[in-house]
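Enquirer: Provided below for reference: sequence and predicted model.
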Amino acid sequence: MRNLTVFHGARWRAAYAWQIGSRYGQARIKERKSIVEHVFGTLKHWMGKIPLKLRGLRKVQTEINLYAAGYNMKRYASLAPIGELIEEVASWNPVRTATTA
């Protein structure tokens, strides 16, 4: 007698594997790697390829937010003239930002 075990998501997994193997799926993977993976690779490089220092969902989210803010600031500084960046930081009003959000 032979037992065959089929996992709950087996049908979905097979359909996903077929979709990823298609030409459309390969194009989407290539697009994602060119946009998103660069950011994660840069953050991982900054972190020294070590695990997160904090534990707990809120603490880890705060740590990730700090890395993302640093990445965004560095990216913005490379795209905008430094004078424009300084003006924008100087004119930033946390009270106005908190009430509009």
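Expert: Now that the structure is in, tell me what you want to look at. What you are looking at is a predicted structure, and each value in this text was computed from that prediction instead of being measured. Numbering: from 1, shown residues only.

Enquirer: Could you use CA atoms for every contact and neighbour count after this?
Expert: Noted.

Enquirer: all helices for the chain, in order.
Expert: Across the chain, reading from the start of the chain, the helices by DSSP state H fall at 10-21, 23-47, 57-79, 82-90, 94-100.

Enquirer: and the nearest residue to residue 85 once chain neighbours are set aside, how many neighbours does it have?
Expert: Using C-alpha to C-alpha, 6 or more residues apart in numbering and skipping residues adjacent in sequence, the residue nearest residue 85 is residue 77, 6.8 Å away. Counted with other C-alpha atoms under 10 Å, the burial measure for residue 77 works out to 15 neighbours.

Enquirer: what does the one 4 residues further on give?
Expert: Other residues lying near residue 81 total 10 when counted by other C-alpha under 10 Å.

Enquirer: Need the phi and psi values for it.
Expert: When read as degrees, to the nearest 10, the backbone of residue 81 gives phi -60, psi 140.

Enquirer: how's the protein carved up into domains?
Expert: 1-35, 51-100 (automatic domain parsing).

Enquirer: Check the most centrally placed residue in the chain and give its pLDDT.
Expert: In the chain, the C-alpha closest to the average C-alpha coordinate belongs to residue 40, at a distance of 5.8 Å (C-alpha atoms, centre = their mean). What the model reports as pLDDT for residue 40 is 77.

Enquirer: before we move on, what about residue 15?
Expert: With respect to pLDDT, residue 15 scores 91.

Enquirer: want to throw the domains of the chain into JSON lines with distance to residue 45?
Expert: Formatted as JSON lines, the domains of the chain follow (distance: least, C-alpha to C-alpha, whole Å):
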{"stretch": "domain 1-35", "distance to residue 45": "16"}
{"stretch": "domain 51-100", "distance to residue 45": "11"}
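
Enquirer: The ones you listed: lowest mean pLDDT?
Expert: When the mean pLDDT of each of these is compared, domain 51-100 ends up at the bottom with a mean of 78.
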